[in-house]
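Engineer: Quick one, fold the following:
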Amino acid sequence: MRIAINGQQAFGKSVLEALLERGDDVIAVYCEPDREGGRPDPIKQVAVERGLPVYQPASFKKPEVWAEFAALKPDLCVMAYVTKIVPEEFLNTPTHGTIQYHPSLLPRHRGPSSINWPIIQGAAKTGLTIFWPDNGLDTGPILLQKEVEITAVDTLGSIYFDRLFPMGVAAMLEGVDLVKAGKAPKIIQSEAHATYESWCTADDVAIDWSQPAATVHNLIRGADPQPGAWTSHDGKRLQIYDCARVDGAGGTPEGTPGEIMAIGGEGFEVAAGDGRILVKRVRGEGQKLSAADYAAATGLGIGMRLG
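Structural biologist: Below is the predicted model of the structure:
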């Protein structure tokens, strides 16, 4: 099977390497155009090292791009982290079409920040989907799905790097194998259960300390490491990362929301709407540092307020 891969960054690179390692016939690599003065995309570096043709169209909406792709005579296109809109004129060119990775359990959490939002919303699980893309945004039929649990200590970083990234690479290969075997399903997504969220930006993750401790905890974890939930201290933005709900917190208001209730070696405790959040790492105007070191350096003390 003649496979073209369209991807970028570390995930695209890993999928390409996995396909090549097991001997798949990768005939071409599509990736983002080079940035002036920047390093080549990791997937391009691997493609060049392996002597594979590389294509970097600024847009996939042009007939000349479709014609160039058709001339390659692909049997399958594998999309491994693609942020550009790719129309059906390109997607449907290969003999067996195109399959794509998405890091959520479609039709839930369509959109570009699909790992952040389940954590922020307090979901108990999330997962990944390999699907057949169409002209909609993450709306095409499902080929396969894998679930992962979201634990109380998970963050955006742990869910993606520890689970959805390696599972996604393996799932892409599984999807390719199902297509090869003629056993790849096309399960129509249920619009009744569909959700869509746009990019998770800094505007979405400002901390409201009057919210329940569970809500604040989920917000911080779902934005760690990007875009970084934040509050303010002395009129300056303070991003908060590692955190935990304090044992016993919940159900009883403690102090004024945003008030510093305790400071220790692990960090400082902040009053939320019904309990406390232990803040362990922060970033002010410089690099990340421990919350305890930040408190010592800035004179943050018990009874002071954030936000």
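
Engineer: what separates the most centrally placed residue in the chain from A123, distance-wise?
Structural biologist: Centre of the chain computed as the mean C-alpha position; nearest residue by CA atoms, centre = their mean is I115, 4.5 Å away. Distance of I115 to A123, computed by CB to CB, to the nearest Å: 11 Å. The way it works is simple: take the backbone N, C-alpha and C, and place the C-beta from them, glycine included.

Engineer: before we move on, what about N218?
Structural biologist: Counting by CB to CB, the gap from N218 to A123 is 9 Å.

Engineer: Which of the two has more residues huddled nearby?
Structural biologist: N218 (22 against 17; other CB atoms under 10 Å).

Engineer: for the more buried one, what are its contacts?
Structural biologist: 119-122 (CB atoms under 8 Å, 6 or more residues apart in numbering).

Engineer: Where do the helices of this structure begin and end?
Structural biologist: For the chain, the helices defined by DSSP state H occupy 9-21, 42-49, 63-70, 88-91, 116-120, 156-157, 165-180, 213-222, 291-298.

Engineer: Adding distance to I260 and mean pLDDT, write those helices out as a markdown table.
Structural biologist: Putting the helices of the chain into a markdown table (distance: least, CB to CB, whole Å; pLDDT from 0 to 100) gives the following:
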| stretch | distance to I260 | mean pLDDT |
| --- | --- | --- |
| helix 9-21 | 38 | 98 |
| helix 42-49 | 42 | 98 |
| helix 63-70 | 56 | 98 |
| helix 88-91 | 53 | 98 |
| helix 116-120 | 24 | 98 |
| helix 156-157 | 26 | 98 |
| helix 165-180 | 36 | 98 |
| helix 213-222 | 14 | 97 |
| helix 291-298 | 8 | 96 |
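
Engineer: To H193, which of the ones you listed lies closest?
Structural biologist: Minimum separation from H193 across the helices of the chain (CB to CB) falls at helix 116-120, 13.8 Å.

Engineer: ok, and what's touching that closest one?
Structural biologist: Against helix 116-120 from outside (CB under 8 Å, 6+ apart): 104, 108-109, 111, 125-126, 150, 154-156, 159, 197, 200, 205, 218-219, 221-223.

Engineer: Could you do stretch 257-270 as well?
Structural biologist: So stretch 257-270 is contacted by 208-210, 231, 242, 246, 254-255, 271-273, 276-281, 290-292, 295, 300-307 (CB under 8 Å, 6+ apart).

Engineer: Would you list the buried entries among the residues you listed?
Structural biologist: 209-210, 231, 242, 246, 254-255, 271-273, 276-281, 290-292, 295, 300, 304-307 (16 or more other CB atoms under 10 Å).

Engineer: And the pLDDT for A249?
Structural biologist: As predicted, A249 sits at a pLDDT of 52.

Engineer: Mind giving me the PyMOL command for buried ones among the contacts of N218?
Structural biologist: Entered in PyMOL, the line below selects the buried ones among the contacts of N218, by 16+ other CB under 10 Å:
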select buried, resi 119+120
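
Engineer: From the contacts of N218, pick the one nearest G168.
Structural biologist: I119 (17.0 Å).

Engineer: count of neighbours near the closest residue to K44 other than its chain neighbours?
Structural biologist: Nearest residue to K44 in three dimensions, chain neighbours excluded: C31, at 5.1 Å (CB to CB, 6 or more residues apart in numbering). C31 has 27 neighbours, counted by other CB under 10 Å.

Engineer: do you know how far C31 is from R110?
Structural biologist: Distance from C31 to R110, by CB to CB: 23 Å.

Engineer: for G273, same thing?
Structural biologist: For G273 relative to R110 (CB to CB), the value is 31 Å.

Engineer: do A4 as well
Structural biologist: 24 Å.

Engineer: The two: which is more packed in?
Structural biologist: A4 (24 against 19).

Engineer: show me what contacts that one?
Structural biologist: So A4 contacts 26-30, 69, 72, 74, 76-78, 94 (CB under 8 Å, 6+ apart).

Engineer: with these in mind, which one is nearest to I85?
Structural biologist: Y30 (13.6 Å).

Engineer: Good, wrapping up.
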